[in-house]
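In: predicted coordinates and the sequence they were generated for:
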Amino acid sequence: MKTKSPEPRHSHTDFKLGATVARYVRDDTTGTVGLTLFPWSKRALLSPRREYISGVEVDAYATANHKRFAAANVESLVQLKAIGEDYAPAFAQGRTLRNSQSVERLRFEKQSVVKEKTRTAIRTTLRHESGWCVHHDLAWSRGASWLESTTTVDNTSGAPVTLELLASFSLFGITPFASDDAPGRLRLHRFRTTWSMEGRLETIPLENLQLERSWVGWGARCERFGAVGSMPCNGFFPCTAVEDTGAGVVWCAQLSQPGSWQFEIYRRDDGVSLSGGLADREFGHWHKTLQPGESLVSPSAFIACVAGTLDDCCAALVAAQEPPLKALPATERTLPIIFNEWATTWGKPSHANMVALAETLRGVGVKYLVMDAGWFAPKTGSWNSAHGDWIANAELYPQGLSATAEVIRNAGMIPGLWFEMETTGCDSALFHHKQFLLKRDGITLNAGKRRFLDLRKPAAHAYLAKRVIDTLRDAGFGYLKVDYNETIGIGADGAESLGEGLRQHLDGSLAFFDRIRSELPDLVIENCSSGGHRLVPPFFARTAMSSFSDAHESPEIPIIAANLHRLMLPCQSQIWAVLRSGEDYHRTIYSLTAGFLGRLCLSGDFLHLDSTQASAVRTACALYRRCAATIKRGHSRRHGPEVMSYRHATGWQAVLRLRHDNREAIVVAHTFGGDSPREISLSLPSGAWAIADVLTSEPKRRPRLRARRLVIPSGTPWRGLVIRLVRQS
């Protein structure tokens, strides 16, 4: 049902999708259709927009030009750009390709709504003046806290169309809770990431980014950011949010994209727009030609609008990662503990030391025992440059890999094996098979000692099927660790643009993951990319878990692990707990407790731990099993001051995770260097709670309950503890 908004030029249609309202606004003069979201619970706070801007800085100018300047315009829910059409004015080029002539030439054609028992899908179709059309799809499933947005371009014209921008979504009119330009109210949240320091939250007032409307609404303001290459979490995570601190509402989005991507925070008038999708020609060296009859679908964007905090909005988005978990192997249901020998041998695994580890770990509570890099090491030289041929070292494995896998299974564990299957090292034979490899500018693409298989080619898939899938099947492995230790960068030859070459190659990479799952359905797959460079939905959906970081035994591990609760499911976040013989007992507990922030992955000197450490491991593993249901499904809140330096951390943090049924909770707390308060006091959810378990290196300093608060003794640096709480009523 259409209703008139306060501005006579605009009409709108509302759809209530769970707790969120999707409002489609149409400019009745230009025909432009835009999309804005707001929480149903905040609808009474919606504020009519002022129609025109005014003030001493603009009134004389407006009078002289015999016009008034609109305070807010409808911005299209589709943002794309076709080569050959005009670029946007207002100093936009080099900063943004939004709002080009391609968007101006789109005309609303129709909107259809399909309502099924558990799903609502809204398709808005726009047609370009030259004949091709665009479909914007917004979908919601019953009970979901998020919406899914995609954009499809169908070339229904008689001529080729070359795109140089294609966004998956575009929201406008942020914030609808202010009648003006909401000075001082809007903040951008984004998540910076770099190797071994993943997921750092950055919060910036929009004024600090110069995203204020100009005095007359001229001059495109845009903050465009993202990642370029085959490591989508290299610089930023593809997740961002805009918060209206006055209304207490947050809009956020996460892109489901395995390669180059971008977000844009854009402004020319009172309202702010947020869009994101494929990295465009300016940012990601991408353009794509669609011949008549061809189509292109953007990557999915998961979007949410929540009344609450950033943590509430991130939780709404992270929930979108849960549906694929239903297809995981049955062994994953209880979140088994992993042992990976990487920090035990540092690239020198062998049958002999794996046998010793299997016997040591028998009965400890570990389910997966993983051989990491180096099992294929050449007789001379380094394993680090020899991967690609995937032939086990006969001296290290005289009876073959199957004998080692059998020993591990006989010890009650599932054997795992490491591959970096998408690249090859300079000392492998594959490195010189150029017909399998990516090129740029006609030259085989080298990144240090690595080259990249071209996974658009069936021959490359056939090679990997023989060397990876057959090896796993024939030797009896039940766990695969897929590592990926370099980025392709701007892209590769073989398509209309380097960026399109990269996009097609990564589609091939995902297709090979799908093939592995199809041929080995019981295989547990771990996604690793030098730790956390591929922590994105396309890989989450195809793997059981992901390595959270390459921070193997760094003191910043709990900081990074807590960061990632805003970006991924803890049940898929594999966290290193590396123990060293002779280390301080407090350090042992510090490391073990950090593992409770996700999937516990043990490593280190397990052949030489003393009895106290060995007992701590058994105790921690038993407690972890009792906490697994809360780690698997729940809602997290981080408490504590911001940690400025990760490498020289000071202060404290505590993560409280409430199980989805509200019956149990866990608190994982850590102190860092410097001074901490003598006590940490955390507010608990409503109800009566009891402390069921505590894992600490200071048993005489016990946490206690005081009314609805949990009081934790603190004040000593570099301590960690886990508290399991059970609701009594």
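Out: Structure received. Residues are numbered from 1 along each chain as shown.
In: can we go C-alpha only for contacts and neighbour counts from here?
Out: OK.
In: contacting residues for residue 558?
Out: 594, 595, 597, 670 (CA atoms under 8 Å, 6 or more residues apart in numbering).
In: by neighbour count, which of the residues you listed wins?
Out: residue 597 (32 neighbours; other CA atoms under 10 Å).
In: one step back: and of the contacts of residue 558, the nearest to residue 327?
Out: Checking the contacts of residue 558 against residue 327 by CA to CA gives residue 597 as the nearest, at 23.2 Å.
In: could you report the neighbour count for residue 41?
Out: Residue 41 has 12 nearby residues by other CA under 10 Å.
In: can you list the domain ranges for this protein.
Out: Domains of the chain are assigned by automatic domain parsing as 3-42+70-321, 337-547.
In: tabulate these (CSV), appending mean pLDDT and distance to residue 59.
Out: Formatted as CSV, these follow (pLDDT from 0 to 100; distance: least, CA to CA, whole Å):
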stretch, mean pLDDT, distance to residue 59
domain 3-42+70-321, 96, 10
domain 337-547, 97, 46
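In: nearest to residue 688, out of these?
Out: With CA to CA as the criterion, residue 688 lies closest to domain 3-42+70-321 of those, at 23.5 Å.
In: roughly how far is that closest one from the heart of the chain?
Out: The chain centroid and the centroid of domain 3-42+70-321 are separated by 18 Å under CA atoms, centre = their mean, to the nearest Å.
In: nearest spatial neighbour of residue 478, skipping sequence neighbours?
Out: Using CA to CA, 6 or more residues apart in numbering and skipping the chain neighbours, the partner closest in space to residue 478 is residue 523 (4.9 Å).
In: swap in residue 96?
Out: Of all residues not flanking residue 96 in the chain, residue 222 sits nearest, at 6.7 Å (CA to CA, 6+ apart).
In: burial count for the one you found?
Out: For residue 222, using other CA under 10 Å, the count is 22.
In: quick one: strands adjacent to the helix or strand that contains it?
Out: Taking DSSP states H and E as the criterion, residue 222 maps to strand 221-227. The strands beside strand 221-227 in its sheet (DSSP bridges) come out as strand 261-267 (antiparallel).
In: just checking, what packs against the helix or strand following the strand it pairs with?
Out: Of the helices and strands lying after strand 261-267 in sequence (DSSP H and E), the nearest is strand 272-278. Contacts defined by 3 or more CA pairs under 8 Å, 6 or more residues apart in numbering; DSSP states H and E place strand 272-278 against strand 161-174, strand 261-267.
In: would you turn those into CSV with distance to residue 142 and mean neighbour count?
Out: Converted to CSV, these look like this (distance: least, CA to CA, whole Å; neighbours: other CA atoms under 10 Å):
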stretch, distance to residue 142, mean neighbour count
strand 161-174, 21, 25
strand 261-267, 28, 25
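In: picking that back up, how about the domains of the chain in CSV, adding distance to residue 689?
Out: Shown next, in CSV, are the domains of the chain (distance: least, CA to CA, whole Å):
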stretch, distance to residue 689
domain 3-42+70-321, 23
domain 337-547, 27
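In: out of those, nearest to residue 704?
Out: Closest among these, using CA to CA: domain 3-42+70-321, at 26.2 Å.
In: list the buried ones in stretch 567-587?
Out: By neighbour count on 16 or more other CA atoms under 10 Å, the buried set for stretch 567-587 is 567-580, 585-587.
In: same deal with stretch 204-217?
Out: Buried residues in stretch 204-217 (16+ other CA under 10 Å): 205, 206, 211, 212, 213, 216, 217.
In: measure that stretch end to end?
Out: 22 Å (CA to CA, to the nearest Å).
In: for it, which outside residues touch it?
Out: Stretch 204-217 is contacted from outside by 53, 57-58, 69, 71, 181, 184-189, 221-223, 266-270, using CA under 8 Å, 6+ apart.
In: taking the residues you listed, please make a PyMOL selection of just the buried ones.
Out: A single PyMOL command selects the buried members of the contacts of stretch 204-217 (16+ other CA under 10 Å):
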select buried, resi 53+69+71+181+185+186+187+188+189+221+222+223+266+267+268+269+270
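In: circling back: which residues touch the strand holding residue 222?
Out: 92, 95-96, 209-213, 233-238, 259-268, 279.
In: how about the secondary structure of residue 467?
Out: Following DSSP: H, G, I helix; E, B strand; the rest coil, residue 467 is assigned to helix.
In: what's the neighbour count on it?
Out: Residues lying near residue 467 (other CA under 10 Å) number 17.
In: residues near the nearest residue to it once chain neighbours are set aside, how many?
Out: Take residue 467 and drop its neighbours on the chain: the residue closest to it by CA to CA, 6+ apart is residue 390, 6.2 Å away. Neighbours of residue 390 under the rule other CA under 10 Å: 21.
In: OK, contacts around residue 390?
Out: If you count contacts by CA under 8 Å, 6+ apart, then residue 390 has 376, 467, 468 around it.
In: could you look up the SS state of it?
Out: Reducing the assignment at residue 390 to three states with three-state DSSP gives coil.
In: that one and residue 373, how far apart?
Out: According to CA to CA, residue 390 and residue 373 sit 11 Å apart.
In: can you tell me how far the spatially most central residue of the chain is from residue 30?
Out: Computing the C-alpha centroid of the chain and ranking residues by CA atoms, centre = their mean puts residue 536 first, at 3.7 Å. Going from residue 536 to residue 30 by CA to CA gives 38 Å.
In: ok so, going back, possible to save the contacts of residue 390 as JSON lines with distance to residue 456?
Out: Compiled in JSON lines, these are given as follows (distance: CA to CA, whole Å):
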{"residue": "376", "distance to residue 456": "26"}
{"residue": "467", "distance to residue 456": "18"}
{"residue": "468", "distance to residue 456": "17"}
